[in-house]
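A.B. asks: would you be able to build a 3D model of this:
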Amino acid sequence: MSQIVEMTALALAAAIRAKSVSCVEVATAFLDQIDRHNSTINAIVSRRDRADVLADAADKDAMLARGHIMGPLHGLPQAIKDLDNVAGMITSKGSPLYKDFVAPSDSIMTERMRAAGAVFVGRSNVPEFGLGSHTKNPVHGPTRNPYDHGRTPGGSSGGAAAALAMRMLPVADGSDYGGSLRNPAGWCNVFGFRPSYGRVPTAERDLWLPSMGVNGPMARNVPDLAMLLAVQSGYDARMPLSIHQDPAQFTQPLGRDFNGTRIAFLGDFNGALPYEAGVLETCRTALKHFETLGCVVEDAIPDMPLDAMWRAFLKLRSWQSAGGGRPHYDKPAERALLNAQMIFEVESAMKLTALDISAASAVRSDWYRSIARMFERYDFLVLPTAQVWPFPVETRWPEVIGNTAMTTYHEWMKVVLPFTMAGIPALAMPAGFGEAGLPIGIQIAGPNHSEFACLQLADAYDRETQWVERRRPVM
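C.D. replies: Here you go, the predicted structure:
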């Protein structure tokens, strides 16, 4: 049974289809793994009763006996991130205000994963309202880093990344606004993919002025990542800006020749981004693997100041994030239950005018054009997944990096924002480990809608490095 949790998702799905292992055996193996490690890691919350999970798995076995396979996730245990609705399960968002909220229906992504045959075992833990890259909340407590249990796994998909690293899930879903798929992937030595906007449809409150947040997959290897992206992707009329391209493209072989491929490393943006000691050096070392593949790697930065992008981001972020908190902010009793991050976003948004938002959006458009000009010279852009190493779980957020004070709760994650603001796909993958034995990652970004090319490069890199298998977490 212990071998089951070590299998790749694709190999496990093939074994289920071949009936060499049953869905009940798979569910049992992962539930046992969760029982062994979750009390320490706290990655999976709102767990379903074991009997209910096994009953769902038995139903999947009965379908197989009749010759019916629901899809690529048939019989694979999943724990949807605790921000997306799962019908009949609590979606707490890590907030006391929602700790008893039972979702009446699935989100679009959950609906697709259920239709593909997933067996839901619980939810993956998140920061309160998903704000900040530190998975800690007053409802479920902190999730801990698999490589150092006294440190954070990042966030907001921290529960998903930690569960993956601990072999408590075969693959996982996540979401990403300011690095929520990328930072925890880098800090947990796994893969996380922020796709182009509209690749994975989400039920936006505003269909025509959508958030910069997107949903995407996480996995321990690139073929599994591509499989889950194929499940999550595809046009949905409920989201008119979703992408029409056939998700089957992500199921194609990933092999490709990268000889002569041009890669730009944006590094510290000529000193504009501070880093904790060792982070940039570890990521620079990882770049050598691209050169082994035949790529040409150069230092380069966009022709637009990073600070202009950051100032525009602050306005757009508060405008887009405050909607979920404003109704509670307006009621004093409920405001007392909001965390400092949500109060910051609401109060920042209250100072904005429509013209402020329009001007910030125009700056974002300029930033996209600046990044697009880089893609006239380079095929991919690369950055670290974070500016610091995983920090202690007791820390709210890093207030200083080196000699630079952070002015907001999310400024220390500025390194992920160039790709968020450009709206381009960015795939996070392991870069290596520092002197303290803590992991960090790099993110590769391609032009808009270039997800398949990003997957191809990441797969070639992973075959060179094999970080997931080489460095196991503390079990």
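A.B. asks: which secondary structure elements does the helix or strand of the chain with the lowest mean pLDDT contact?
C.D. replies: When the helices and strands of the chain are scored by mean pLDDT, DSSP states H and E, helix 2-6 comes last with a mean of 94. Applying 3 or more CB pairs under 8 Å, 6 or more residues apart in numbering; DSSP states H and E, we find helix 2-6 packed against helix 23-41. C-beta: built from backbone N, CA, C; applies to glycine.
A.B. asks: go again using 10 Å as the cut-off
C.D. replies: On a contact count with 3 or more CB pairs under 10 Å, 6 or more residues apart in numbering; DSSP states H and E, helix 2-6 meets helix 9-17, helix 23-41.
A.B. asks: got the buried residues for it?
C.D. replies: 4, 5 (16 or more other CB atoms under 10 Å).
A.B. asks: and the nearest residue to residue 234 once chain neighbours are set aside, what pLDDT?
C.D. replies: Among residues not flanking residue 234 along the chain, residue 247 sits closest, at 4.7 Å (CB to CB, 6 or more residues apart in numbering). With respect to pLDDT, residue 247 scores 98.
A.B. asks: test my guess that residue 247 contacts residue 217.
C.D. replies: No: contact criterion CB atoms under 10 Å: residue 247 and residue 217 do not qualify, at 11.6 Å.
A.B. asks: pick out whichever of these two has more residues nearby.
C.D. replies: Using other CB atoms under 10 Å, the more surrounded residue of residue 247 and residue 217 is residue 217, with 29 against 19.
A.B. asks: before we move on, back to that, shared neighbours of residue 247 and residue 217, anything?
C.D. replies: 200, 226, 229, 230, 231, 232, 233 (CB atoms under 10 Å, 6 or more residues apart in numbering).
A.B. asks: dump those to JSON lines, plus neighbour count.
C.D. replies: Listed next are the shared contacts of residue 247 and residue 217 as JSON lines, based on neighbours: other CB atoms under 10 Å:
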{"residue": "200", "neighbour count": "29"}
{"residue": "226", "neighbour count": "27"}
{"residue": "229", "neighbour count": "26"}
{"residue": "230", "neighbour count": "20"}
{"residue": "231", "neighbour count": "24"}
{"residue": "232", "neighbour count": "25"}
{"residue": "233", "neighbour count": "28"}
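A.B. asks: Throw the residues you listed into CSV and include pLDDT, distance to residue 73 and secondary structure, thanks.
C.D. replies: Formatted as CSV, these follow (pLDDT from 0 to 100; distance: CB to CB, whole Å; DSSP: H, G, I helix; E, B strand; the rest coil):
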residue, pLDDT, distance to residue 73, secondary structure
200, 98, 15, coil
226, 98, 14, helix
229, 98, 12, helix
230, 98, 11, helix
231, 98, 6, helix
232, 98, 10, helix
233, 98, 14, coil
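A.B. asks: pull up the gap between the nearest residue to residue 258 once chain neighbours are set aside and residue 257, please.
C.D. replies: Leaving aside its chain neighbours, residue 258 sits nearest to residue 293 (4.6 Å; criterion: CB to CB, 6+ apart). Remark: distance between residue 293 and residue 257 (CB to CB, to the nearest Å) = 9 Å.
A.B. asks: show me where the stretch 301-450 of the chain has its helices.
C.D. replies: For the stretch 301-450 of the chain, the helices defined by DSSP state H, counting those that start in this stretch occupy 306-321, 326-329, 332-335, 340-350, 354-374, 417-422.
A.B. asks: can you check the stretch 151-300 of the chain too?
C.D. replies: 158-165, 182-188, 222-232, 279-292.
A.B. asks: between these, which one is nearest to residue 432?
C.D. replies: helix 279-292 (4.8 Å; CB to CB).
A.B. asks: reformat the helices and strands packed on helix 2-6 as a markdown table; add distance to residue 138 and mean neighbour count.
C.D. replies: As requested, the helices and strands packed on helix 2-6 are exported to a markdown table (distance: least, CB to CB, whole Å; neighbours: other CB atoms under 10 Å):
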| stretch | distance to residue 138 | mean neighbour count |
| --- | --- | --- |
| helix 9-17 | 33 | 19 |
| helix 23-41 | 18 | 20 |
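A.B. asks: got those as TSV, with mean pLDDT and distance to residue 422 columns?
C.D. replies: Converted to TSV, these look like this (pLDDT from 0 to 100; distance: least, CB to CB, whole Å):
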stretch	mean pLDDT	distance to residue 422
helix 9-17	98	30
helix 23-41	98	33
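A.B. asks: Serialize those to JSON lines and add fields for distance to residue 416.
C.D. replies: Output for the helices and strands packed on helix 2-6, formatted as JSON lines (distance: least, CB to CB, whole Å):
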{"stretch": "helix 9-17", "distance to residue 416": "25"}
{"stretch": "helix 23-41", "distance to residue 416": "24"}
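A.B. asks: mutual contacts of residue 293 and residue 257, please.
C.D. replies: Common neighbours of residue 293 and residue 257 (CB under 10 Å, 6+ apart) are residue 460.
A.B. asks: ok, these two, which is more surrounded?
C.D. replies: It is residue 293, of residue 293 and residue 257, that has more neighbours when counted by other CB under 10 Å, with 17 against 10.
A.B. asks: so what's the more buried one up against?
C.D. replies: Contacts of residue 293 (CB under 10 Å, 6+ apart): 256, 257, 258, 259, 261, 263, 457, 460, 461, 463, 464.
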